[in-house]
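# The following block contains a protein sequence and its predicted model.
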Amino acid sequence: MAKIELPARMEQLETMLDFIDKEADAAEFPKARVSKIRLAAEEVLVNVFSYAYPEKQGQVTIICLHKNDRFLLEIQDRGIPFNMLKAPDPDISSGLSERHLGGLGIYFAKQMADEARYVRTEGVNRLTLVFKKNGQKLS
Amino acid sequence: MKIHHGGEKKDCILVAVEGRMDAVSAPEFETFLGNLIDEGALKIIVDFEGLDYISSAGLRSVLVVAKKIQGKNGEILLTSLHDTVKEIFEISGFDTIIPIHESVDSALETL
């Protein structure tokens, strides 16, 4: 298991994503899968940066766990309770002029992961995404 | 991410993007293209041959630029998308709202 904790700020995004990339690489996930893990992670982290701590600075904890053919990514924050998995899916059929992008990032994260779970315990939002090494989804 | 101005062909400005377009780098893309449009560009071809990653923040910037140029009756064309990038355009439905071509040459032929 590998873990890092950093301030929930955009300046930390690349450091966090590179950390996750490295762990997924070490787990011998194919490059295309690693790219999908990075994408899902970016979308969740950007959401946390934007909404978890509206009035104060806070931390994000990232935990990577690799077991057999599964890579488990857990992202934790102590911000306002929020289950982003329950956000409505975006309308992906509208044209250019009426296109809005709300919810697209979380939709991507859900599309990329083979499983997604959310729990809030002890004041912590815990979002877990599971990726299979040779996932059926969009691989 | 790197952005290069690739000159002009058939009244069309060529721009090449390399690397990753994510929440950190996408604003740079938006500013670069936004400036070109402010300077009067009406047709822009963006070559994504060197782009190996795009997130929703990148798509958001592409959309902002596309809307801006459309507002001036211009157009933006994307070319040479890698499979991983193309897939993101497909699952978001963006492939139906922004013209995507196989290569810069095939994009130029449509103009």
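Perfect, thanks for sending it. Residues are numbered from 1 along each chain as shown, chains lettered A, B, ... in the order given.

# same for the helix or strand hosting residue B:61, what does it pack against?
Residue B:61 is part of helix B:56-70 when elements are defined by DSSP states H and E. Applying 3 or more CB pairs under 8 Å, 6 or more residues apart in numbering or on different chains; DSSP states H and E, one finds that helix B:56-70 contacts helix A:31-51, helix A:104-112, strand B:12-21, helix B:26-38, strand B:75-79. All C-beta atoms are positioned from the backbone trio N, CA, C, and that covers glycine.

# what residues does chain A put near chain B?
Contact residues (CB under 8 Å from any CB of the partner chain) of chain A with chain B: A:10, A:13-14, A:17, A:32, A:35-36, A:38-39, A:42-43, A:46, A:90, A:92-97, A:99, A:101, A:104-105, A:107-108, A:111, A:138.

# Now, of those residues, which are buried?
In these, burial by neighbour count holds for A:13, A:17, A:35-36, A:38-39, A:42-43, A:46, A:90, A:92, A:99, A:101, A:104-105, A:107-108, A:111, A:138, counting by 16 or more other CB atoms under 10 Å in any protein chain shown.

# Correct me if wrong: residue A:63 contacts residue A:73.
Yes: in this structure, residue A:63 is within contact of residue A:73 by CB atoms under 8 Å, at 7.4 Å.

# Pick out whichever of the two has more residues nearby.
Higher neighbour count among residue A:63 and residue A:73: residue A:73, with 22 against 17, using other CB atoms under 10 Å in any protein chain shown.

# Now do the SS call for the more buried one.
strand (DSSP: H, G, I helix; E, B strand; the rest coil).

# and the residue nearest to it when sequence neighbours are not counted, how many neighbours?
Counting by CB to CB, 6 or more residues apart in numbering or on different chains, residue A:73 lies nearest to residue A:129, which is 4.8 Å off, once chain neighbours are set aside. Neighbourhood size, residue A:129 [other CB under 10 Å]: 23.

# Pairing partners for residue A:129 in the sheet, please.
residue A:73, residue A:116 (DSSP bridges).

# Show me the contact partners of the worst-scoring helix or strand of chain A on mean pLDDT.
Every helix and strand of chain A was ranked by mean pLDDT, DSSP states H and E. The lowest is helix A:104-112, at a mean of 94. Applying CB atoms under 8 Å, 6 or more residues apart in numbering or on different chains, the contact partners of helix A:104-112 are A:36-37, A:39-44, A:46-47, A:84-85, A:87, A:89-90, A:92, A:116, A:129, A:131, A:137-138, B:55-57, B:59-60, B:88, B:91-92.

# same question, stretch A:80-95
Residues contacting stretch A:80-95 (CB under 8 Å, 6+ apart): A:44, A:47, A:51-54, A:100-104, A:106-107, A:109-110, A:116-118, A:120, A:125, A:127, B:91-93, B:96-97.

# Let's see that with 7 Å instead.
For stretch A:80-95, the external contacting residues (CB atoms under 7 Å, 6 or more residues apart in numbering or on different chains) are A:47, A:51-52, A:54, A:102-104, A:106-107, A:110, A:116, A:118, A:120, A:125, A:127, B:92-93, B:97.
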